[in-house]
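1. sequence and predicted structure are below.
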Amino acid sequence: MALLNVNLHSTPRYRIVLLFGVLIAAAAVTGLVSLAGGSVPVPIREVIDILIDRPPGINSQIVLDLRLPRVISGFVVGGMLALAGALMQVLLRNPLAEPYILGVSGGASVFALLAISLGLAGIWLTLGACFGALLTMFMVFVFSGSGAGWNPLKVLLTGVVIAAGWGAVISFLLAVSPAAKLHNMLFWLMGDLSFSQPGGSYYLVLILAVILAMYFSRALNLLAVGDLQAAALGVSVNRLRVMVYFLASILTATAVIQAGSIGFIGLIIPHAVRLLIGNDNRLLLPASVLAGGILLVFADMLARTLLAPRQLPVGVLTALIGVPVFLLLLQSTAARQRP
Amino acid sequence: MLTVNAEALTVSIGQKLICRDFDLEIRAGEHWGMLGGNGVGKTTLLHTLAGLRKPVSGRIMLDNSDLQDYRRLHLARKVGVLFQDSQDTFPATVKETVLTGRFPYQSFWPGGQREDITLADTALAQLNLAPMQDRQVDTLSGGERRRLAIATLLLQDPGLWLLDEPTNHLDLHHQIQVLDLISQRVRDRNGALLMVLHDVNLISRYCSHAILMPGQEQLLCGEVATVINRTNLENLYRHPVHEITGAGRKYYFPA
């Protein structure tokens, strides 16, 4: 039983609009607070003025040039990870699935670390991560025989084994790298938004993915009931699976390229949203995008401010915030289920 | 007018051949029962007739078009399947689940179309599930889940009904209620029905025709009155069977 009783057949429309309104408002507030906070605090009122008028000045530069791209990047990456996680869970029919489970981030990391150890930076890092992610995506698809027919368990096992392989290569690279490069490498592995490239069109990937995911959402609801059941009700199961697999993988790859591997969001956000509003993908997928974005922006603000001017890896904070919130949610739904 | 024609159908699962060059015609108004021991391939044959798996050779014609040429969504309006069991990794509520039966008829963003909800309420009431419509599916008992699957099929409203052990988990009262309801719906719709059952007496009560599957690729088809008798049943189950007559019907039970 979900905490809020929301469903598309009996909940009044205004309550669903309200729910998403609250999420969007929360995203806006988190964004504003995040633009204000940092090693140089800027009052929220001034942040709003800066966003509207774009006046010249040092605060304006800090907010618009330094913090705004990072906040947007945080929101987009968080949304991508949450969406990819929710899709993976349905696709693999496994509640423990998350974006990195099939090794996409491991593959990206290996090639990004290779780039770092070769002394390359910037675009080469991105290209390396991109190559590693795509390579893994195709490896899992081919080795699990998914071209011929999809077996969730086989895909999961193939992905987990390939991820373990990448893990070993990562350890090897860390072991043989000189100390001077280790800090950089570890930060990349833990995930950090300071790598994110300003500009770029990665947010288009998220917009496109949300549209596609919403288009698939009804069929995904049926997929959760069972392959044959879905097929008998009119879903082209294999086609849907292949498309969702590549969609989730591309989302993960884009997120990893932007920010390294930020753990936890892709696993916990979809489940937290499931506990809140249930398993209907038509609501779950868009709500997860918003919640994932909010969590990552908030965590990144804390990462920048808690020990300022030192920055903490944002992945540490997503977990530190996410774990207690999730446990509380789990408790309160469990309490509601008791007679 | 609904007709299903299996032409020279050969079906196998793994290395095992289930039938070879099998011909079958199911016409509107006919109710078929399928009987056979465990593992002879009843479910596989049923899934093949539903277009969910490809035959090794031969073809299945539904209203004069090959089943494999249908678009999935279009086929789902004509053929409905009741499966032996369902999964619930991410369970939905009873009401949400029963509404999935309308999938083949809905556009991309259906919201909560009023007619669909009326249909859902009716079906849930008919199957005594109305009081639990907001429960999660994973909290239902086996029999309640069975009735939920049947309610979903009522919403799908197909012409050809393929049922895999519809009375599984159902108590005596619900067995009769459910089979009455389904037969009535199939008749109203001028559709056809094929169901796997392990209770030969239910088959003679509800079916006009029967397929007996004794194994070794043999299939025995025909009207219930001709194919269901003591000799055939003893051959089918390799177990002695008694026959008694009462209330104008023949009943069979194991010796």
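-> Thanks, I have the structure now.
2. show me what counts as buried in stretch A:134-146.
-> For stretch A:134-146, a neighbour-count test (16 or more other Cβ atoms under 10 Å in any protein chain shown) marks A:134-137, A:139-141, A:144, A:146 as buried. C-beta here means a position set from N, CA and C on the backbone, and glycine is covered the same way.
3. which of these lies closest to chain B?
-> Checking the buried residues of stretch A:134-146 against chain B by Cβ to the nearest Cβ gives residue A:146 as the nearest, at 18.0 Å.
4. thought the closest one was touching residue A:239?
-> No - contact criterion Cβ atoms under 8 Å: residue A:146 and residue A:239 do not qualify, at 12.0 Å.
5. rewinding a little: can you list the buried residues of stretch A:134-146 in JSON lines and add secondary structure?
-> Below are the buried residues of stretch A:134-146 laid out as JSON lines (DSSP: H, G, I helix; E, B strand; the rest coil):
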{"residue": "A:134", "secondary structure": "helix"}
{"residue": "A:135", "secondary structure": "helix"}
{"residue": "A:136", "secondary structure": "helix"}
{"residue": "A:137", "secondary structure": "helix"}
{"residue": "A:139", "secondary structure": "helix"}
{"residue": "A:140", "secondary structure": "helix"}
{"residue": "A:141", "secondary structure": "helix"}
{"residue": "A:144", "secondary structure": "coil"}
{"residue": "A:146", "secondary structure": "coil"}
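6. chain neighbours aside, what residue packs nearest to residue B:116?
-> In space, and not counting its chain neighbours, residue B:116 is closest to residue B:102: 4.6 Å by Cβ to Cβ, 6 or more residues apart in numbering or on different chains.
7. quick one: contacts for the one you found?
-> Residues in contact with residue B:102 (Cβ atoms under 8 Å, 6 or more residues apart in numbering or on different chains) are B:110, B:113, B:116, B:119-120, B:155-156.
8. do you know how far residue B:102 is from residue B:113?
-> As judged by Cβ to Cβ, to the nearest Å, residue B:102 and residue B:113 stand 8 Å apart.
9. what about the helices in chain A?
-> A:13-36, A:44-53, A:58-61, A:68-91, A:104-117, A:123-143, A:152-176, A:179-190, A:202-225, A:227-232, A:237-259, A:265-277, A:281-305, A:314-337 (DSSP state H).
10. and stretch B:166-179, end to end?
-> Start-to-end span of stretch B:166-179 (Cα to Cα, to the nearest Å) is 8 Å.
11. would you mind naming what in the stretch 101-250 of chain A lies close to chain B?
-> Within the stretch 101-250 of chain A, the positions near chain B by Cβ under 8 Å from any Cβ of the partner chain are A:215, A:218-219, A:221-222, A:224-226, A:228-229, A:231-236.
12. nearest to residue B:163 among those?
-> Of all those, residue B:163 sits closest to residue A:232, with 11.7 Å by Cβ to Cβ.
13. for residue B:51, see how far away the closest one is.
-> Residue A:232 is 9 Å from residue B:51, by Cβ to Cβ.
14. so where is the chain shaky, pLDDT-wise?
-> If you meant another chain, say so; for now it's chain A. A:1-3, A:195-200, A:334-339 (pLDDT under 70).
15. please refer instead to chain B.
-> Along chain B, the model assigns pLDDT under 70 to residues B:1, B:108-112.
16. indicate the residue of the stretch 151-255 of chain B located nearest to chain A.
-> Residue nearest to chain A within the stretch 151-255 of chain B: residue B:156 (6.7 Å; Cβ to the nearest Cβ).
17. touching, that residue and residue B:82? I think so.
-> No - using Cβ under 8 Å as the test, residue B:156 is too far from residue B:82 to be in contact (9.9 Å).
18. shared neighbours of these two, anything?
-> What both residue B:156 and residue B:82 touch, as defined by Cβ under 8 Å, 6+ apart, is an empty set.
19. ok now do residue A:230, which residues does it touch?
-> Neighbouring residues of residue A:230 by Cβ under 8 Å, 6+ apart: A:219, A:222-223, A:237.
20. closest to chain B out of those?
-> residue A:222 (5.7 Å).
21. OK, contacts around the residue of the stretch 151-255 of chain B closest to chain A?
-> If you count contacts by Cβ under 8 Å, 6+ apart, residue B:156 has them with A:233, B:76-77, B:80, B:101-104.
22. now with 7 Å?
-> Applying Cβ atoms under 7 Å, 6 or more residues apart in numbering or on different chains to residue B:156 gives the contacts A:233, B:76, B:80, B:101, B:104.
23. ok, back up a step: and the contacts of residue A:230, which of them are buried?
-> For the contacts of residue A:230, a burial check counting by 16+ other Cβ under 10 Å picks out A:219, A:222-223, A:237.
24. gap between the residue most central in space within chain A and chain B?
-> Computing the C-alpha centroid of chain A and ranking residues by Cα atoms, centre = their mean puts residue A:81 first, at 1.3 Å. Here the criterion is Cβ to the nearest Cβ, to the nearest Å. By it, residue A:81 lies 19 Å from chain B.
25. on that earlier part again, neighbour count: residue A:232 and residue B:51, which is higher?
-> residue A:232 (29 against 23; other Cβ atoms under 10 Å in any protein chain shown).
26. report how many residues lie close to the residue nearest to residue A:202 when sequence neighbours are not counted.
-> Once flanking residues are discounted, residue A:202 sits nearest to residue A:254: 5.4 Å by Cβ to Cβ, 6+ apart. If you count neighbours by other Cβ under 10 Å, residue A:254 ends up with 25.
27. residues contacting residue A:254?
-> Residue A:254 neighbours (Cβ under 7 Å, 6+ apart): A:80, A:202, A:205.
28. deepest in the core, which of the helices of chain A is it.
-> For the helices of chain A, average neighbour numbers computed from mean count of other Cβ atoms under 10 Å in any protein chain shown are highest in helix A:68-91, which has a mean of 28.
29. can you give me how far it is from the chain middle?
-> 3 Å (Cα atoms, centre = their mean, to the nearest Å).
30. output the contacting helices and strands for that helix.
-> helix A:13-36, helix A:202-225, helix A:237-259, helix A:265-277, helix A:281-305 (3 or more Cβ pairs under 7 Å, 6 or more residues apart in numbering or on different chains; DSSP states H and E).
31. show the contacting residues for the residue of the stretch 1-150 of chain B found nearest chain A.
-> Proximity of the stretch 1-150 of chain B to chain A (Cβ to the nearest Cβ) peaks at residue B:76, 3.2 Å away. For residue B:76, the contacting residues are A:232-234, B:104, B:156, by Cβ under 7 Å, 6+ apart.
32. now do residue A:152
-> A:92-93.
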